[in-house]
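Student: Please work out how this folds:
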Amino acid sequence: MEKIYLIIALSPLVGALVAGLFGKQIGRVGAHWVTNIGVGISFILSVYAFYMHVWGGLPTYDATVYTWAATDAFHFDVGFMVDRLTVLMMVVVTSVSLMVHIYTIGYMADDPGYQRFFSYISLFTFSMLMLVMANNLLQLFFGWEAVGLVSYLLIGFWYKKESAIFANLKAFILNRVGDFGFLLGIAAILMYTNTLDYATFFERLPALASVKVEYWPGVEWSLPTVIAILLFIGAMGKSAQVPLHVWLPDSMEGPTPISALIHAATMVTAGIFMVARFSPLFELSDAALSFIMVIGAITALFMGLLGIVQNDIKRVIAYSTLSQLGYMTVALGASAYSAAIFHLMTHAFFKALLFLAAGSVIIAMHHEQDIRKMGGLWKYMPVTFITFLIDSIILAVQASQLPGATFAYWAVLLGVFVTAFYTFRMFFLVFFGKERMDAHTRSHLHESPKVVTVPLILLSIPALLVGFFAIDPLLFSGFFEQAIVVMPGHDAMANLHEHYHGALAMMEHSLSSSVFWLAIAGVALSAVMYLIMPGLLPAMFAKVFAWPKRILDGAYGFDDFNNAVFGGGSRLLGRGFWRIGDVRLIDGLMVNGTADIIGATAMQWRKLQTGYLYHYAFVMILGLIGLMTWIVFLR
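Tutor: Numbers count the residues shown, from 1 in each chain. Here you go, the predicted model:
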């Protein structure tokens with residue numbers, strides 16, 4: 001199987017290199033064929049690997065492909081760990097990526113950077129596969145940084161657009177903040193265990209459980225807590241958790257296909273996957289789990305509220321992604337890792353579907369993204385309309401006994417109402433009600449071409465069905481085996497398992513749950529405000545909730561805070577280093593200073609060259625006296 005794993009990882013890389021280096025030679029058709037074939041091969045072989053590991057009895061594969069570097073103390077390797085968690089992620093990444101690749105043929109048809117875009121998205125897929133297939137932290141960090149680099153290139157793909165350049169720099173800087181903590185966590189693992197290999201680290205982990213570290217006099221920290229929180233800070237940046245979330249809405253400046261790829265199957269889910277992979281570490285720290293749960297709950301609720309005041313169709317979906325990532329993070333904090341991965345998988349399909357359907361709307365509207373200028377599109381775009389229309393985490397949080405669980409439960413419960421409200425607000429404004437576009441746009445409205453709609457139809461199938469078929473094995477039947485570890489005292493899913501009697505019974509039970517009725521209430525309020533009584537209630541709400549709306553419009557001030565601290569702060573730090581290091585040290589002391597010293601010294605020595613013979617004779621006599629004194633008295 002090693003050769004198959006190598007082909008899975010390297011096929012997208014080959015396609016990316018060919019499209020990127022030889023794009024002019026192979027043309028636009030050649031570029032999309034070579035990248036689509038590369039990702040298609042990865043998808044087919046990922047499905048085969050999934051079958052072999054889940055139903056074929058194949059054990060976990062954990063081996064080194066090659067040694068990248070070696071010293072007397074450490075070995076730094078590149079290798080694969082392929083277990084049930086890995087193969088699930090591989091199928092999700094490659095399937096969504098393949099749909100995005102096909103969709104891109106239609107969406108980017110007229111873009112002059114066609115070949116470059118295909119090269120980037122294929123490279124993105126390779127980077128994510130290297131991340132999820134890694135068997136050590138070195139390779140994980142490589143994939144982690146690679147998806148960050150390619151996202152920087154893709155968010156700023158339209159590099160002549162000033163807002164796109166600002167957005168990709170914002171994403172780059174904020175991810176570096178998170179990655180600083182992530183790198184410190186990796187360094188701590190290497191320092192205390194002398195390994196970056198997953199399996200070896202997990203074997204040595206019990207010995208670290210009782211280790212205390214003291215960073216401030218008299219204040220002791222549990223070492224597993226320190227490492228877990230440092231690693232999670234990396235996940236906060238990559239998976240856009242408060243307060244490192246502000247880059248994600250701005251990532252909408254990139255083309256819609258990359259919005260789907262970033263938000264659905266790559267990058268933002270990397271942090272969720274990483275915490276699940278390191279569940280043996282996080283299970284040793286109640287403090288870290290509580291921290292994760294509270295951060296996730298804040299993100300789920302407060303980012304959902306921001307979706308209410310957005311009018312850009314892609315930004316509404318972006319804030320939905322932020323909120324859903326918060327739900328996944330809450331599940332991780334509740335030790336419901338299987339529920340988090342289940343939601344990651346289902347979210348990948350329906351969020352990719354939402355973004356690609358939104359892109360179909362944008363194409364039809366001649367790249368207009370303001371939902372206030374849409375309406376009544378269901379008549380013109382039936383396929384897009386149907387696919388656009390197309391939970392256990394909340395229950396797991398309710399069952400958790402960790403500190404912060406009560407707050408997290410009520411936050412995610414309220415988030416259900418908020419999510420239903422802003423999602424159907426967007427749906428009603430786009431597809432129903434009065435047609436608010438101009439006459440020229442209306443006259444040219446039509447369904448998107450098949451190369452755009454076929455991926456929507458294909459994605460709608462797993463978006464609709466995968467949750468029903470996957471809920472039992474993933475949540476209650478031990479699908480992940482030893483890939484995920486949960487301590488007996490943290491096993492909230494075990495409490496749910498006692499009352500689980502199948503997917504149909506769970507669906508029936510959900511009809512009487514508060515979650516279901518809160519969702520219905522959100523949909524109903526949205527229908528009243530934007531369909532039944534459009535204009536009346538929004539005006540009333542605008543007066544009553546004017547002050548909260550100002551807070552939401554300002555996104556709680558996080559943008560200003562991050563611009564001041566990370567944007568302005570980094571510029572201030574850069575100017576300080578420039579003045580002290582460049583101007584004063586390098587230019588002032590080393591370059592100009594050296595010249596000044598030599599010039600001043602030469603100026604003084606030059607005074608000795610008077611040109612008078614008696615001065616030279618006097619110096620010669622002094623030298624002779626000194627030499628004789630040394631010979632007679634000092635030798």
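Student: Can you read off the pLDDT for residue 625?
Tutor: Here the pLDDT value assigned to residue 625 is 82.
Student: how many neighbours does it have?
Tutor: Neighbourhood size, residue 625 [other Cβ atoms under 10 Å]: 10. Using the backbone N, CA and C atoms, a C-beta is placed for each residue, glycine as well.
Student: Now it: which helix or strand?
Tutor: With elements taken from DSSP states H and E, the one containing residue 625 is helix 613-629.
Student: In terms of secondary structure, what does that helix contact?
Tutor: Using 3 or more Cβ pairs under 8 Å, 6 or more residues apart in numbering; DSSP states H and E as the contact test, no helix or strand touches helix 613-629.
Student: tell me which residues of it are tucked away?
Tutor: When burial is assessed from 16 or more other Cβ atoms under 10 Å, helix 613-629 yields no buried residues.
Student: again, but for stretch 20-29
Tutor: Neighbour-count burial for stretch 20-29, counted by 16+ other Cβ under 10 Å, picks out 20, 23, 26, 28.
Student: Mean confidence (pLDDT) on it, please.
Tutor: Mean predicted lDDT for stretch 20-29 stands at 91.
Student: ok now it, how far from the chain's centre?
Tutor: A distance of 29 Å separates the C-alpha centroid of stretch 20-29 from that of its chain, computed with Cα atoms, centre = their mean, to the nearest Å.
Student: now swap in stretch 223-231 and tell me
Tutor: 20 Å.
Student: what's the average pLDDT for stretch 274-286?
Tutor: Per-residue pLDDT values over stretch 274-286 give a mean of 93.
Student: Likewise for stretch 103-123?
Tutor: 90.
Student: Residue 77 belongs to a helix?
Tutor: No: per DSSP: H, G, I helix; E, B strand; the rest coil, residue 77 lies outside any helix segment and is strand.
Student: For the residue nearest to the spatial centre of the chain, give me phi and psi.
Tutor: Centroid check for the chain by Cα atoms, centre = their mean gives residue 268 as the closest residue, at 2.6 Å. With angles defined as degrees, to the nearest 10, residue 268 sits at phi -70, psi -20.
Student: Give the other helices and strands that the helix or strand containing residue 276 contacts.
Tutor: Assigned by DSSP H and E, residue 276 falls within helix 270-277. When contacts are defined as 3+ Cβ pairs under 8 Å, 6+ apart, helix 270-277 sits against helix 84-107, helix 114-133, helix 137-155, helix 223-238, helix 313-333, helix 337-364.
Student: what's the spacing between the longest one and its chain's center?
Tutor: On the basis of Cα atoms, centre = their mean, helix 337-364 is displaced by 15 Å from the centre of the chain it belongs to.
Student: So which bits of that helix are buried?
Tutor: For helix 337-364, by 16+ other Cβ under 10 Å, it's 337-364.
Student: For the residue nearest to the centre of the chain, list the residues it contacts.
Tutor: 238-240, 248, 262, 321, 325 (Cβ atoms under 8 Å, 6 or more residues apart in numbering).
Student: next one: residue 32
Tutor: 101, 104-105, 114, 118.
Student: I'd like those residues written out as JSON lines, with neighbour count and distance to residue 421 added.
Tutor: Listed next are these as JSON lines, based on neighbours: other Cβ atoms under 10 Å; distance: Cβ to Cβ, whole Å:
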{"residue": "101", "neighbour count": "26", "distance to residue 421": "34"}
{"residue": "104", "neighbour count": "29", "distance to residue 421": "32"}
{"residue": "105", "neighbour count": "21", "distance to residue 421": "35"}
{"residue": "114", "neighbour count": "20", "distance to residue 421": "39"}
{"residue": "118", "neighbour count": "31", "distance to residue 421": "38"}
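Student: which among these gets closest to residue 330?
Tutor: For the contacts of residue 32, the minimum distance to residue 330 (Cβ to Cβ) is 32.2 Å, reached by residue 101.
Student: So for the closest one, what's the nearest residue that isn't a sequence neighbour?
Tutor: residue 36 (4.9 Å; Cβ to Cβ, 6 or more residues apart in numbering).
Student: buried set for the helix or strand hosting the one you found?
Tutor: Using DSSP H and E, residue 36 sits within helix 23-54. For helix 23-54, burial by neighbour count (16+ other Cβ under 10 Å) applies to 23, 26, 28, 30-36, 38-43, 45-46, 49-50, 52-53.
Student: thinking again about what came up before, and the residue nearest to the centre of the chain, what's its pLDDT?
Tutor: pLDDT, read off for residue 268, is 82.
Student: likewise residue 384?
Tutor: 55.
Student: Residue 463 versus the residue nearest to the centre of the chain, what's the distance?
Tutor: Distance of residue 268 to residue 463, computed by Cβ to Cβ, to the nearest Å: 17 Å.
Student: cool, residue 78 as well?
Tutor: Relative to residue 463, and taking Cβ to Cβ, residue 78 is found at 34 Å.
Student: In terms of neighbours, single out the busier of the two.
Tutor: residue 463 (21 against 16).
Student: remind me, longest strand of the chain?
Tutor: Ordering each strand of the chain by length in residues (DSSP state E) puts strand 61-70 first.
Student: neighbours around the residue lying closest to residue 208 once chain neighbours are set aside, how many?
Tutor: Once flanking residues are discounted, residue 208 sits nearest to residue 223: 5.2 Å by Cβ to Cβ, 6+ apart. Residues lying near residue 223 (other Cβ under 10 Å) number 19.
Student: Give me the pLDDT value at residue 223.
Tutor: 92.
Student: what residues are up against it?
Tutor: 188, 192, 208, 211-213 are the contacts of residue 223 under Cβ under 8 Å, 6+ apart.
Student: Could you do residue 58 as well?
Tutor: 1, 52.
Student: show me the contacts for residue 329.
Tutor: Counted by Cβ under 8 Å, 6+ apart, residue 329 has contacts 235, 239, 241, 272, 275, 292-293, 295-296, 299-300, 340.
Student: Which residue ranges of the stretch 501-635 of the chain form strands?
Tutor: Assigned by DSSP state E, counting those that start in this stretch, the stretch 501-635 of the chain shows no strands.
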